[in-house]
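Enquirer: Would you be able to build a 3D model of this:
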Amino acid sequence: MKGFTLMEIMIVIALIMILSVVGIGAFMQSTVKSRDTQRKSNLNQIGKAAEAFYTDVGHYPLSDDVNTDRLYCYDQGVDTVCPGTKLYNLIDSTMIIYLDVPKDSDVSRKYVYESSSDGYSLYAALENSQDRDLLLNGDGSVNQNPWGISCGSVQCNYKITETGLVKSI
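Expert: Now for the predicted structure:
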């Protein structure tokens, strides 16, 4: 039995390193896509809760103009900032909890909720610049700051409203 030469060992090490780099890159990209999928799912959950709130109360939850990541609940017929993380409606000591409002997994990012007289807007900051749901400029490049709204440490680049995903300004 013949031993391995130094050249053969170096070739094997180089191949292992190349495969590792490719594997780590694919893993990192799938992790980013997974976080963005969770962000989209969270916004859809908040939207469904806002729709249920609208059905019961007659208007969408109000938002705080200063701190738009907070929602207003309906407490005994009065709109009030939701204490804690739950979106609820309290009528005659009966609490209807619509949602335990999710937070972004990245603590430097936040979801933004804004209400208007006839609807609401929900914003998030997606990490994957190749996501098909991001708003594009006329030249096909991603619009980095379409609404000028901060989602924590980064600008929001994904928006849904009561009518669905926003793909144009």
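Enquirer: who's in contact with Lys48?
Expert: Counting by CB atoms under 8 Å, 6 or more residues apart in numbering, Lys48 touches Leu99. No exception for glycine: its C-beta is placed from N, CA and C like everyone else's.
Enquirer: For it, which three-state class applies?
Expert: helix (DSSP: H, G, I helix; E, B strand; the rest coil).
Enquirer: For Thr31, see how far away the one residue sitting closest to the centre of the chain is.
Expert: Among the residues of the chain, the one closest to the centroid is Arg39, at 2.9 Å (CA atoms, centre = their mean). Distance check for Arg39 against Thr31: by CB to CB, to the nearest Å, it reads 13 Å.
Enquirer: Then Asp131?
Expert: Taking CB to CB as the measure, Asp131 falls 14 Å from Thr31.
Enquirer: repeat for Leu90
Expert: Using CB to CB, Leu90 is found at 40 Å from Thr31.
Enquirer: And the two? Which one has more around it.
Expert: Neighbours per residue, other CB atoms under 10 Å: of Leu90 and Thr31, the larger number sits with Leu90, 16 against 11.
Enquirer: Skipping its backbone neighbours, what lies nearest the more buried one in space?
Expert: Take Leu90 and drop its neighbours on the chain: the residue closest to it by CB to CB, 6 or more residues apart in numbering is Asp75, 4.7 Å away.
Enquirer: Could you look up the SS state of Tyr54?
Expert: Applying three-state DSSP: Tyr54 is helix.
Enquirer: so it touches Tyr60, yeah?
Expert: Yes. In this structure, Tyr54 is within contact of Tyr60 by CB atoms under 8 Å, at 5.1 Å.
Enquirer: of these two, who's got more company?
Expert: Tyr60 (22 against 15).
Enquirer: looking at this, the more buried one is in a strand?
Expert: No. Note on Tyr60: no strand contains this position according to three-state DSSP, which reports coil.
Enquirer: Next one, pLDDT for it please.
Expert: The confidence metric pLDDT takes the value 90 at Tyr60.
Enquirer: for the protein, what spans make up the helices?
Expert: Assigned by DSSP state H, the chain shows helices spanning 6-57.
Enquirer: Ser117 versus the residue nearest to Leu90, what's the distance?
Expert: Using CB to CB, we find Asp75 at a distance of 21 Å from Ser117.
Enquirer: any idea how far Gln76 lies from Val21?
Expert: Using CB to CB, we find Gln76 at a distance of 60 Å from Val21.
Enquirer: Same check on Cys156?
Expert: As judged by CB to CB, Cys156 and Val21 stand 33 Å apart.
Enquirer: of those two, who's got more company?
Expert: Set Cys156 next to Val21 and count neighbours by other CB under 10 Å: Cys156 wins out with 23 against 10.
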